[in-house]
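Colleague: I need the structure of the sequence given here:
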Amino acid sequence: MGVMAAPAAAQGLSVTKSSFGTVGTQPVDRYTLANQSMSVSII
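Modeller: Just a heads-up that it's a prediction; the model follows:
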């Protein structure tokens with residue numbers, strides 16, 4: 001379940017969204033931003 005940002009994809013960048021788990025009954029999503037040499041995940 002990933003989403004690619006159109007303008008960023010043209011520059012070799014990507015943004016993906018995935019399920020991280022839950023807090024109580026609320027879902028928590030993880031967003032990962034990446035380029036050719038590094039990535040960072042944010043929850």
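Colleague: the bottom helix or strand of this protein by mean pLDDT?
Modeller: helix 6-9 (a mean of 58; mean pLDDT, DSSP states H and E).
Colleague: can you map out the strands along this protein?
Modeller: Remark: strands assigned in the chain by DSSP state E are 14-23, 26-34, 39-42.
Colleague: got a pLDDT number for the nearest residue to S18 once chain neighbours are set aside?
Modeller: For S18, ignoring the flanking residues on the chain, the nearest one in space by CB to CB, 6 or more residues apart in numbering is R30 at 5.1 Å. In this view, the C-beta of every residue, glycine as well, is placed from N, C-alpha and C. The confidence metric pLDDT takes the value 98 at R30.
Colleague: go on, V15?
Modeller: On the pLDDT scale, V15 gets 97.
Colleague: wouldn't it be in contact with L33 here?
Modeller: Yes - in this structure, V15 is within contact of L33 by CB atoms under 8 Å, at 5.5 Å.
Colleague: Is it correct that S39 is in contact with R30?
Modeller: No - judged on CB under 8 Å, S39 makes no contact with R30 at a distance of 11.4 Å.
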